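Engineer: below: sequence and its predicted model.
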Amino acid sequence: MGWTNVILQGVLIGGLYAMFAAGLSLIFGVMRLVNIAHGDLIVLAAYVALMVTQTLGIDPLTSLLLVTPVMALIGYALQRGLLNRTLGDDLLPPLLVTFGLSIIIQNGLLELFTADSRKLQAGAIEIQTFQLLQGVWVGLLPLIQFVVAVAVIAGLQTLFYRTALGRAFRATSDDQAVAQLMGLDTRHVFAMAMALSLAIIAIAGVFLAVRANFDPSIGPARLIFGFEAVIIGGLGSMWGTLAGGVILGVSQAIGAQIDPGWQLLAGHIVFLVILAVRPQGLFPKVSG
Amino acid sequence: MPDPLLEVNAIDAFYGDFQALFGVSLRVEAGQVVAVIGANGGGKSTLLKCIAGLMSPRRGDILFDGKAVGGAPAFEVLAHGIALVPEGRRLFPSLTVEENLLIGGQLRRPGPWTLDRVYELFPVLAERRHLPAPSLSGGQQQMAAIGRALMSNPRLLLCDEISLGLAPIVVRDIYARLPAIVAEGLSLIVVEQDIAQALKAARQVYCLQEGRIALQGKAAELTRESISAAYFGV
């Protein structure tokens, strides 16, 4: 049953990768902005959660009630105050500005919190496990994390296709000028998308920080995982993003089982193979 | 003369260094249909873009119901009650027909136009409400684009080249619905290359040539000769 366990762990961590990816894919879909600071914003969310849990003495999962709206507000302000000014026909300015933002966030966190590794303590829930099948054990926390990831993806899917805000996102993505003609203030629509992206980042950041140690420098690697999950799944498909995260997680788990040094390498190799064989991703959005 | 609903006073508009409009003035009374005709590149679409808020005129002003709207962004202009049916229809391709209409109505301005009323005006849209917008024929897409603009319950509707790329019989069919739209108290500016259609639909006609008003008058009083002179500048 060794391999069953390995694959199951890979699937569960894939949920976390899908959450890294969902916000990234949302922003690219709505405004063609590649957010290089995405990973660092995840780490920022982890530090915000660290401050909240230490100040209020609440557990990390409860702290989400505060961290999520705070991050969403930061996202709205970031878009209105900075990123909207970089958007235009050229893809390069937002790329450069978010790259700069990434460096600023990393160094800001380094100044405030030092380079020490931190971790959020969730208490007994961290080590609780139960037996799923004979010989197959699941940790409660990874399971919660996966269920939350599926809920986030399902929620995004519903929001996109069943609500007025989702309609505004899709219309703005299709044609900004006509969206304005229909009474949509695209600056506000973009800011709402960024707020939503950072709300998802908050959830991902807290689960990341409960699961493993973090320090100010680990953002860019999370960005890579997010990118890889998006590309594997295919741009523009939320369930594809979940599948992409799961494939990445399983690849890494299998790699690590063969040789602990191969964990990240196996993920990158699977990503490269899929990119080479099927550059549109496994589940691209069906057009028309 | 009553106060006009829309008053465009001597506007100049530019694309970079290229001047597209030279001191263009135009008036639309409440309930009136005005046609703007002219050859390609005459500045017709630019004029509509300035009125709808997609472009800012560099000089001159635009008054809507006495309020200055020149240079305001499009989403604010729409809130005042000016809606544009853009050239080439430009429906949102990833939205269904009904979602396109709902986007048009999302400001919730009160008025006679609702989903049901639009479906009544264009019954074919009701049959295809759940299909993606690009699956409609050209004429149906034009109906959807008009319906989408009506959903905002505008007081002034701007129609840019409704007949573009459509079969004459479809164009006639769409123009036949315009009186029903005007009957709800709307004013209309139609920009057309199809002069016969424009003269039939409108009471007042302006002809734009190379960014200037070359001719204006009552549709009934303009002769074919004066129009072709203004059109071609001969």
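Structural biologist: Okay, I see it. Keep in mind the model is a prediction, meaning the values are calculated, not measured. Numbers count the residues shown, from 1 in each chain, chains lettered A, B, ... in the order given.

Engineer: hey, which helix or strand in the chain has the poorest pLDDT?
Structural biologist: In the absence of a named chain, chain A is used. Within chain A, no helix or strand scores below strand A:129-133, which has a mean of 85 by mean pLDDT, DSSP states H and E.

Engineer: equivalent analysis for chain B, please.
Structural biologist: Per mean pLDDT, DSSP H and E, helix B:224-232 ranks last in chain B, at a mean of 80.

Engineer: can you tell me what sits against it?
Structural biologist: B:37-39, B:195, B:207, B:209, B:214-215, B:234 (Cβ atoms under 8 Å, 6 or more residues apart in numbering or on different chains). Glycine gets a C-beta too; all of them are placed from N, C-alpha and C.

Engineer: what about the lengthiest helix in chain A, average pLDDT?
Structural biologist: In chain A, assigned by DSSP state H, the helix with the most residues is helix A:2-31. Regarding helix A:2-31, the rounded mean pLDDT is 93.

Engineer: chain center to that helix: distance?
Structural biologist: Centroid separation for helix A:2-31 versus its chain: 8 Å, with Cα atoms, centre = their mean, to the nearest Å.

Engineer: show me what it is packed against.
Structural biologist: Secondary-structure packing of helix A:2-31 (3 or more Cβ pairs under 8 Å, 6 or more residues apart in numbering or on different chains; DSSP states H and E): helix A:38-56, strand A:136-139, helix A:140-162, helix A:164-174, helix A:186-211, helix A:219-233, helix A:238-258.

Engineer: partner strands of the least confident helix or strand of chain A, with direction?
Structural biologist: Partners of strand A:129-133 in the sheet, by DSSP bridges, are strand A:136-139 (antiparallel).

Engineer: buried residues, the strand it pairs with. List them.
Structural biologist: Neighbour-count burial for strand A:136-139, counted by 16 or more other Cβ atoms under 10 Å in any protein chain shown, picks out A:138-139.

Engineer: how about stretch B:62-76?
Structural biologist: Buried, per 16+ other Cβ under 10 Å, within stretch B:62-76: B:62-65, B:69-70, B:72, B:74-75.

Engineer: any residues of chain A in contact with chain B? List them.
Structural biologist: Proximity of chain A to chain B (Cβ under 8 Å from any Cβ of the partner chain) is limited to residues A:164, A:167-168, A:170-171, A:173-175, A:177-185, A:288.

Engineer: for PyMOL, write the select line for the buried members of those.
Structural biologist: Selection of the buried residues among the residues of chain A next to chain B in PyMOL, burial being defined by 16+ other Cβ under 10 Å:
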select buried, chain A and resi 167+168+170+171+173+174+175+178+179+180+181+182+183+184+185
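
Engineer: counting neighbours, what do you get for residue A:135?
Structural biologist: 10 (other Cβ atoms under 10 Å in any protein chain shown).

Engineer: what do you get for the one 5 residues further on?
Structural biologist: Summarising burial for residue A:140: neighbours were counted as other Cβ under 10 Å, giving 15.

Engineer: please tell me the pLDDT value assigned to the closest residue to it other than its chain neighbours.
Structural biologist: Nearest non-adjacent residue to residue A:140, counting by Cβ to Cβ, 6 or more residues apart in numbering or on different chains: residue A:128, 4.1 Å away. Predicted confidence (pLDDT) for residue A:128: 91.

Engineer: list the buried residues for stretch B:4-17?
Structural biologist: Result for stretch B:4-17 [16+ other Cβ under 10 Å]: buried residues B:4-9, B:11-13.

Engineer: apologies, that question was intended for stretch B:163-182.
Structural biologist: In stretch B:163-182, counting by 16+ other Cβ under 10 Å, buried: B:163-164, B:166, B:170-171, B:174-175, B:178, B:181-182.

Engineer: for the nearest residue to residue A:11 once chain neighbours are set aside, give me its contacts.
Structural biologist: Nearest non-adjacent residue to residue A:11, counting by Cβ to Cβ, 6+ apart: residue A:246, 5.3 Å away. Contacts for residue A:246 were tallied using Cβ under 8 Å, 6+ apart; they are A:10-11, A:14-15, A:17-18.

Engineer: pick out whichever of these sits closest to chain B.
Structural biologist: Of all the contacts of residue A:246, residue A:18 has the smallest distance to chain B: 22.2 Å, by Cβ to the nearest Cβ.

Engineer: pretty sure the closest one contacts residue A:149?
Structural biologist: Yes. Using Cβ atoms under 8 Å, residue A:18 is in contact with residue A:149, at 5.2 Å.

Engineer: between those two, which has more neighbouring residues?
Structural biologist: residue A:18 (33 against 28).

Engineer: residue B:27 is in what secondary structure piece?
Structural biologist: In this assignment (DSSP states H and E), residue B:27 forms part of strand B:18-28.

Engineer: name every strand pairing with that strand and say which way it goes.
Structural biologist: For strand B:18-28, pairing defined by DSSP bridges yields strand B:6-15 (antiparallel).

Engineer: what mean pLDDT does the partner strand have?
Structural biologist: Per-region confidence: strand B:6-15 scores 95 on mean pLDDT.

Engineer: run through who's touching that strand.
Structural biologist: If you take Cβ under 8 Å, 6+ apart as the criterion, strand B:6-15 is touched by B:19-28, B:43, B:46-47, B:49-51, B:55-64, B:70, B:82, B:156, B:187, B:189.

Engineer: quick one: low-confidence residue ranges for chain B.
Structural biologist: Residues of chain B meeting the criterion pLDDT under 70: B:1-2, B:233-234.

Engineer: what's the longest helix in it?
Structural biologist: helix B:168-182.

Engineer: so which elements touch it?
Structural biologist: helix B:115-121, helix B:138-150, strand B:187-192, helix B:195-201.

Engineer: of the ones you listed, which approaches residue B:95 most closely?
Structural biologist: Relative to residue B:95, the nearest member of the helices and strands packed on helix B:168-182 by Cβ to Cβ is helix B:138-150, separated by 9.9 Å.

Engineer: ok now the helix or strand just after the closest one, how far from the chain's centre?
Structural biologist: Using DSSP H and E, the next helix or strand after helix B:138-150 towards the C-terminus is strand B:156-160. When C-alpha coordinates are averaged (Cα atoms, centre = their mean), strand B:156-160 and its chain have centres 2 Å apart.

Engineer: sheet partners, orientation included, of strand B:156-160?
Structural biologist: By DSSP bridges, strand B:156-160 pairs with strand B:82-85 (parallel), strand B:187-192 (parallel).

Engineer: mind listing residues that contact that strand?
Structural biologist: Looking at strand B:156-160 with Cβ under 8 Å, 6+ apart, the contacting residues turn out to be B:5-6, B:28, B:44-45, B:48, B:51-52, B:64, B:81-87, B:146, B:149-150, B:181, B:186-191.

Engineer: again, only using 7 Å
Structural biologist: With contact meaning Cβ atoms under 7 Å, 6 or more residues apart in numbering or on different chains, strand B:156-160 is reached by B:5-6, B:28, B:45, B:48, B:51-52, B:81-87, B:149, B:186-191.

Engineer: what does stretch A:160-172 give?
Structural biologist: Residues contacting stretch A:160-172 (Cβ under 7 Å, 6+ apart): A:30, A:159, A:179, A:182, A:184, A:186, A:189, A:192-193, B:92, B:94-95, B:99, B:102-103, B:106.

Engineer: between those, which is nearest residue A:203?
Structural biologist: Out of these, the member with the shortest distance to residue A:203 (by Cβ to Cβ) is residue A:159, at 14.6 Å.

Engineer: what about the closest residue to that closest one other than its chain neighbours, how many residues close to it?
Structural biologist: Nearest residue to residue A:159, sequence neighbours excluded (Cβ to Cβ, 6+ apart): residue A:166, at 4.8 Å. Other residues lying near residue A:166 total 16 when counted by other Cβ under 10 Å.

Engineer: same question, residue A:282
Structural biologist: Residue A:282: 16 neighbours (other Cβ under 10 Å).

Engineer: need the strands paired with strand B:156-160 in a markdown table with distance to residue A:118 and mean neighbour count, can you?
Structural biologist: Formatted as a markdown table, the strands paired with strand B:156-160 follow (distance: least, Cβ to Cβ, whole Å; neighbours: other Cβ atoms under 10 Å in any protein chain shown):
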| stretch | distance to residue A:118 | mean neighbour count |
| --- | --- | --- |
| strand B:82-85 | 54 | 28 |
| strand B:187-192 | 63 | 24 |
